[in-house]
Structures are given as structure tokens and as C-alpha cells.
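Novice: Show me the folded form of this:
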Amino acid sequence: MTNIIEKCIALTSFLLIMSFVFLWTLPAAKADEMIDEIRDLKKRIEQLEKQLAKQGSKIQEQESKISARDHESEEIKKIKNAIGNLEFSIGATSVVQGTINNDKNQRNALGMDNKGDDADAAYSVDIEITSKIGASGMALLYLEAGEGDGLNGEAGGFTGVNADATGDDADVQVSELWYEHNFYNGVLTATVGKMDVTRWFDANEAANDECAQFLSDQFVNNIAVDFPDYSYGARVSWYPNDFFEINAGYLEADGDFEDLFDDNFYITEAVLKPKLGSLRGNYRFYAWRNSGEHKKLRAPWRTDKTGEGVGASIDQQLSEHITVFCRFGQQSDDVYEIRRAWSFGLQIAGGLWDREDDMLGIAFGAAETSGAYREVIRDDGLGTTPAESRFEAYYRYRINEHLAISPDVQWVDGLSGASNADAMAVLGVRAQLDF
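Specialist: You can find the predicted model right below:
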């Protein structure tokens, strides 16, 4: 555009010069007319030069804007690339539950709140952010918040009534923050940082998620394992083939980030993964030891005891829509109230009745009390029972891709191992919102 303007001005100047030369050869009258025309032409040229100057200024301004936009576009592209490397998962869960026939259990069972029949609510919010680090690494940040202890104080006992309840603190906490690296094309995986050990151990396809499956603690993880809560440590997994794996974990036992190598939790797990045609199964067997301070139940002044035990978690598909599961755990009799726990049940996918995203779950389990614990509660004047038993059934109704509603019913007998405790029911409903 600048070259065109320069050429126009040069051509106009040439015409003016030629016009003056031509005027010398004309008569006076004709010369006056030509002079007037030249003056008009000069004014037009001056106006044209001003317009061309303005146009040139606008062009420069536009070029500056385009350059700025290009720079902004590059910056936006960098931000998009950074954000595009992150994956977000956000979920919110709300649970409302009420008890039936629990009026007398605050007197007849140990450790129950003095409220009788009650209805409570609790909610939680989970935010999980993951990012790939290079070709073989991944980092995870897991944030958690919520309010309400639900009915755990009134009806939880040993086996728990709401595993999603976070307590009365609504503050956001960093529950997990770890880095994971794959070696030898994924044959070996190592993770280090603050973690939830149950993310990798005691897993189960049908009974492992309190936000979508069973609510009772007994059907989420093995209650006869002294798992540390969100603790610093490491785990290593070896996957030699598709049918077998070995997992090992080492974590701080008390979760306070102090004296990392004094009080620790160790666990080793072997997993068999057979396939019967298209039907999958997972058979997990593990042993663990918690070297943190534990009181001996019959000698509470003794705090030098350690806890240890063994367990198993099994799930097996029986058909495309039906999966059965069972768990078993046994731990130190003189340290823990529960010496043995077991559970079993099944999960039925809604595709069986043309509701592909729905789910039905039914489970029964028992927490067998230890001999030391029965002696303790007898000293408090309470009768004892061999076990606390819990039944649970839920139906997960998928409303849309983001929201699911789950009516839930539980029945409990032998609450906290007390023979005088009344059998009771817990009715509830859970709402799960995923983004």
C-alpha cells in the first residue's frame, strides 16, 4: 500500500511540472484558465495526500493490532496446552439417613450417642486433578471437603453406616498428592507421596466405592485391616502378565509426617486375574503389619503392641450383568475389637432390565468380636454377642449422565458386639453428582 501512495504522488508531481511547461506556450486567456484548473487540481492533490496519510496511519494501526493479536494468540495457545495436559474429575455426594428401633441402643451398646432414633445428613465434595509428566509419569492432586458425621455415632458400630461422611469440618483438605512413574513399558509402576493406600490395595469391582456402590464401611474396604488414613509413603506394583500382579506398600502409620521410619504400615498383595471367556475375576490375597502404637485391650497401659493380619478381596463375573464378591480379614485378637470380618454379596447391572446405567447391590457381612473386647464390655456390665451383623441393599437410579439417586436400606444386629442391643434398620437416600 505504501508503494502505491508513493507512485501516485510521483505521478501527480510529474503532471504538475508538465503543466507549468505547457502554460508557457499558451495564450494569456487560456493560461489563466489552466492556472485555475491547476490550482483546483493542487487542492485535490493536497486533500488526496491527507487522505492517503490518514489511510497509511490506519494501516499501521491495523498492522500493530494484528501483531498484538498474534502475540495474544500464541500466549493463549500456551495456556491451552498447559490446561489441556490436566484432567479434572469433580463429584459431590449427599446422604440422608434415619434409624428405626434404635431408641434403647445408647444404653445397651458401647459407645453409641444418646439420641435414640434420629435422622442425619452429610455431604462431601471431591476434586481430582491429574497431569501427565513426560511419557511415563503422572501426578495427582486430590482435594476433599464435606460436613456431617451422619449416623455413624448412633448406628455405625463396628461395620459403619456411612463411609462417605467426613465429619463436621467443611475445610478443604489435600487428601492425596503423589507422583507415579512407569518403568519397562508399564511392567513396573512406582508411586510416592501422600496417598490413600486403599486406592491400590483391597480393591473390589462390586464393593469399593461409597459414592456409587454400598454405603456401609464393611462393604467398601476390609474393616479387619488397620489401614492408615491419607499418609505419606510409597507403593510398587509389578505386572508380569495379564493374569497376575504383585503390589507392595510402605506408609507412615499415624499420618502426621513425623518420624517416618518409626511407626509404619506394611502391606503385600498378590492378585490373580483369571478370565472365563469374557467373564473377568480378581482374586486378591494380602498380609499387613501396623507397627504404630497400639493399646493392649486387657492391659491399656501397654502401648507397645503392633497390629497385623491377613485378608482377601474377591470379585467374579457370573454373567455380563452379574458380579459376585466376598471379603475376609483376620487381625490381632488382643489389640483390636474385631478379630475377624467377612462379607459377601452381588452387584446386578441394570442392562438386565434395559436400564444400562442403573445398578442393584445386595450384601451381608459380620464383624466377629475378639475375646479381649468381650471381656472389656462385660466389665462394663453389658452382655456380649459373637458378632455385629449388617445387611445392605441399594438401587442406583441414573437420572442423566451427571446425576444418580440411590435409595439405601441397612439392617443391623448385635450393634458394637452387645447382646442386649436391639436389631434396627437404617433407611437412607444418596444423591451423586458428577461433572
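Novice: from the chain's centre, how far out does stretch 173-180 sit?
Specialist: 11 Å (Cα atoms, centre = their mean, to the nearest Å).
Novice: so which helix or strand takes in the residue nearest in space to the middle of the chain?
Specialist: By Cα atoms, centre = their mean, the mean C-alpha position of the chain lies nearest to Glu128, the distance being 4.0 Å. Element membership for Glu128 (DSSP states H and E) is strand 119-133.
Novice: helices or strands next to that strand in the packing?
Specialist: Packed against strand 119-133 by the contact rule (3 or more Cβ pairs under 8 Å, 6 or more residues apart in numbering; DSSP states H and E) you find strand 86-100, strand 137-147. C-betas here are computed from N, CA, C, even on glycine.
Novice: In TSV: these, plus mean neighbour count, distance to Arg340 and mean pLDDT.
Specialist: Shown next, in TSV, are the helices and strands packed on strand 119-133 (neighbours: other Cβ atoms under 10 Å; distance: least, Cβ to Cβ, whole Å; pLDDT from 0 to 100):
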stretch	mean neighbour count	distance to Arg340	mean pLDDT
strand 86-100	17	26	92
strand 137-147	17	31	93
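Novice: can you redo those as TSV with distance to Ile377?
Specialist: Formatted as TSV, the helices and strands packed on strand 119-133 follow (distance: least, Cβ to Cβ, whole Å):
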stretch	distance to Ile377
strand 86-100	21
strand 137-147	32
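Novice: Looking at those strands, spot the one closest to Ala212.
Specialist: Among those, the nearest to Ala212 by Cβ to Cβ is strand 86-100 (8.9 Å).
Novice: how far off strand 119-133 does the closest one point, in degrees?
Specialist: Angle, strand 86-100 to strand 119-133, by axes from the mean of the first three to the mean of the last three Cα atoms, to 10 degrees: 160 degrees.
Novice: what's the offset of the helix or strand just after strand 86-100 from the middle of its chain?
Specialist: In the C-terminal direction, the helix or strand that comes right after strand 86-100 (DSSP H and E) is helix 105-108. Centroid displacement of helix 105-108 relative to its chain, using Cα atoms, centre = their mean, is 37 Å.
Novice: so what secondary structure elements neighbour helix 105-108?
Specialist: Packing partners of helix 105-108 (3+ Cβ pairs under 8 Å, 6+ apart): helix 152-155.
Novice: Point out the other elements, helices or strands, that the helix it packs on touches.
Specialist: Counting contacts by 3+ Cβ pairs under 8 Å, 6+ apart, helix 152-155 is packed against strand 86-100, helix 105-108.
Novice: wait, which of those is closest to Lys275?
Specialist: Between Lys275 and the helices and strands packed on helix 152-155, the tightest spacing by Cβ to Cβ is seen for strand 86-100, at 28.4 Å.
Novice: tell me which strands and helices that closest one is in contact with?
Specialist: If you count contacts as 3+ Cβ pairs under 8 Å, 6+ apart, strand 86-100 packs onto strand 119-133, helix 152-155, strand 424-434.
Novice: That one vs strand 137-147, what angle?
Specialist: Going by the same axes, to 10 degrees, strand 86-100 makes 30 degrees with strand 137-147.
Novice: Give me the contacts around strand 86-100.
Specialist: Outside of strand 86-100, the residues within contact range by Cβ atoms under 8 Å, 6 or more residues apart in numbering are 117-131, 150-151, 154-155, 161-162, 164-165, 210-211, 215, 408, 424-435.
Novice: still on that earlier bit, and the helices and strands packed on strand 119-133: which comes nearest Tyr373?
Specialist: Between those, strand 86-100 lies closest to Tyr373; by Cβ to Cβ that is 23.6 Å.
Novice: on that earlier part again, just the buried ones from the contacts of strand 86-100?
Specialist: With neighbours counted by 16 or more other Cβ atoms under 10 Å, these contain buried members at 120-128, 130, 150-151, 154-155, 161-162, 164-165, 210-211, 215, 408, 424, 426, 428, 430, 432.
Novice: returning to what we had before: looking at the helices and strands packed on strand 119-133, which is closest to Glu320?
Specialist: Of all the helices and strands packed on strand 119-133, strand 86-100 sits nearest to Glu320, with 26.6 Å by Cβ to Cβ.
Novice: what angle separates the closest one from strand 424-434?
Specialist: Going by the same axes, to 10 degrees, strand 86-100 is angled at 160 degrees with respect to strand 424-434.
Novice: Please list all residues in contact with Gln51.
Specialist: By Cβ under 8 Å, 6+ apart, Gln51 lies in contact with nothing.
Novice: Pairing partners for the strand holding Glu128, with directions?
Specialist: strand 86-100 (antiparallel), strand 137-147 (antiparallel) (DSSP bridges).
Novice: for it, the distance to its chain's centre please.
Specialist: Relative to the mean C-alpha coordinate of its chain, strand 119-133 is positioned 5 Å out (Cα atoms, centre = their mean).
Novice: what does stretch 343-355 give?
Specialist: Centroid displacement of stretch 343-355 relative to its chain, using Cα atoms, centre = their mean, is 24 Å.
Novice: what about the stretch 301-435 of the chain, any weak spots by pLDDT?
Specialist: Applying pLDDT under 70 to the stretch 301-435 of the chain picks out residues 301-303.
Novice: quick one: the strands in it?
Specialist: In the stretch 301-435 of the chain, the strands defined using DSSP state E, counting those that start in this stretch lie at 305-317, 322-331, 338-349, 359-369, 387-398, 403-413, 424-434.
Novice: re the thing from before, quick check: which of the helices and strands packed on strand 119-133 is nearest to Asp315?
Specialist: Asp315 lies closest to strand 86-100 among the helices and strands packed on strand 119-133, at 22.4 Å (Cβ to Cβ).
Novice: can you state the direction angle for the closest one and strand 403-413?
Specialist: Interaxial angle of strand 86-100 relative to strand 403-413 (the same axes, to 10 degrees): 40 degrees.
Novice: Who does the residue nearest to Asp171 when sequence neighbours are not counted form a beta bridge with?
Specialist: Nearest non-adjacent residue to Asp171, counting by Cβ to Cβ, 6 or more residues apart in numbering: Ala145, 6.6 Å away. Beta bridges link Ala145 to Val125, judged by DSSP bridges.
Novice: likewise Ser313?
Specialist: The partner list for Ser313 in beta bridges (DSSP bridges) reads Arg284, Arg327.
Novice: In this structure it contacts Phe219, no?
Specialist: No - assessed by Cβ atoms under 8 Å, Ser313 is found out of contact with Phe219, at 11.0 Å.
Novice: returning to that earlier point: which residues touch the residue nearest to Asp171?
Specialist: Per Cβ under 8 Å, 6+ apart, neighbours of Ala145: 124-125, 166, 170-173.
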